[in-house]
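[1] Everything below, folded, please.
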Amino acid sequence: MLKVIHITDTHVAPFGQPVVGLDPCARLSAVVTAINRYHSDAAFCVITGDLTDRGQIPAYEALATILAELRVPYRLLLGNHDNRDNFRRVFPNEPIDQFGFVQSTTDLGDVRLIFLDTLDDDHPGWGRMCTKRTQWLHDVFEDNGSRRSVIFMHHPPFSVGVPIFDDILLNDPYPFLSKIRAEKSIMHIAFGHLHLTTSGVWHGIPFSCNRGVSHRIALSFKPGITEFMESEPTYDIVTITEAGVLVHHTAPVEDDDIIAREYPTDDGIGLIEFARR
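    A predicted model of the protein is given here:
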């Protein structure tokens, strides 16, 4: 079994600066601590964009400081809240493609993880897969051989039925969608951006969206105001086997959070022990 961690929408600010009333650095630190404690055996970790809230260099420096504690190798992608130049200054060793986009792959046995750059530098919300980026992806697929592939990206390439996001998805997605729809090696697509936890199947391709480390957005099927909620930071554990892909949505757990433990018994009923008196 191959274990990959999916983190998204960290929205880190410079240390001490809140984002919509929450401390993004503390929330990401809690996720890093949880991963180190429970999932340090993961093969890889992917953070799919909106790494920072406003793209400042001090925010990327704070991100680098926090991620220095992570015991799992990681890859960083860009979202619409990121600044490409400032990111490259702080993370000069993150791989880029031949066109300068923050796109790359990593091969884990017969599984290829594909990391896409959907940042549109000229638009504050929507994403973009331009001709050059799509050509790079085409070349990756041509080189896939017998590998199975999982795609990670920030922007959803199609609507998930939530109107407040329909204008800030991947812009002009049809060349990209036709490419992935025709590619038989794709096992799964994982993205962020929505601050919602959702999953499904698009034209036979399973997908998942993690709601992220930072603020949560209230699910609404009506257009209008976006409501931000205080909720626990989350991340996904993606497990890949010969049979397929499983996505486990989870959150940091502290010892004080546990209210009871159940121990197996020979009669199959189990023994409950309360952790709080």
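
[2] where exactly do the strands run in the stretch 1-150 of the chain?
    Using DSSP state E, counting those that start in this stretch, the strands of the stretch 1-150 of the chain run over residues 2-7, 44-48, 74-77, 104-108, 111-115, 127-128, 148-152.

[3] Make a markdown table from these and add distance to Val20 and mean neighbour count to it.
    C-betas here are computed from N, CA, C, even on glycine. Shown next, in a markdown table, are the strands of the stretch 1-150 of the chain (distance: least, CB to CB, whole Å; neighbours: other CB atoms under 10 Å):
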| stretch | distance to Val20 | mean neighbour count |
| --- | --- | --- |
| strand 2-7 | 19 | 22 |
| strand 44-48 | 19 | 24 |
| strand 74-77 | 22 | 21 |
| strand 104-108 | 31 | 16 |
| strand 111-115 | 27 | 22 |
| strand 127-128 | 22 | 24 |
| strand 148-152 | 25 | 22 |
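
[4] between those, which gets nearest to Arg37?
    Proximity to Arg37 (CB to CB) singles out strand 2-7 among the strands of the stretch 1-150 of the chain, at 12.7 Å.

[5] Output the contacting helices and strands for that closest one.
    Contacting strand 2-7 under the criterion 3 or more CB pairs under 8 Å, 6 or more residues apart in numbering; DSSP states H and E are the following elements: strand 44-48, strand 235-241.

[6] a markdown table please, covering the ones you listed and showing mean pLDDT.
    Shown next, in a markdown table, are the helices and strands packed on strand 2-7 (pLDDT from 0 to 100):
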| stretch | mean pLDDT |
| --- | --- |
| strand 44-48 | 98 |
| strand 235-241 | 98 |
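
[7] can you put these in JSON lines and add distance to Lys132?
    Below are the helices and strands packed on strand 2-7 laid out as JSON lines (distance: least, CB to CB, whole Å):
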{"stretch": "strand 44-48", "distance to Lys132": "20"}
{"stretch": "strand 235-241", "distance to Lys132": "28"}
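
[8] Between the ones you listed, which one is closest to Gly224.
    Of those, nearest to Gly224 by CB to CB is strand 44-48, at 26.6 Å.
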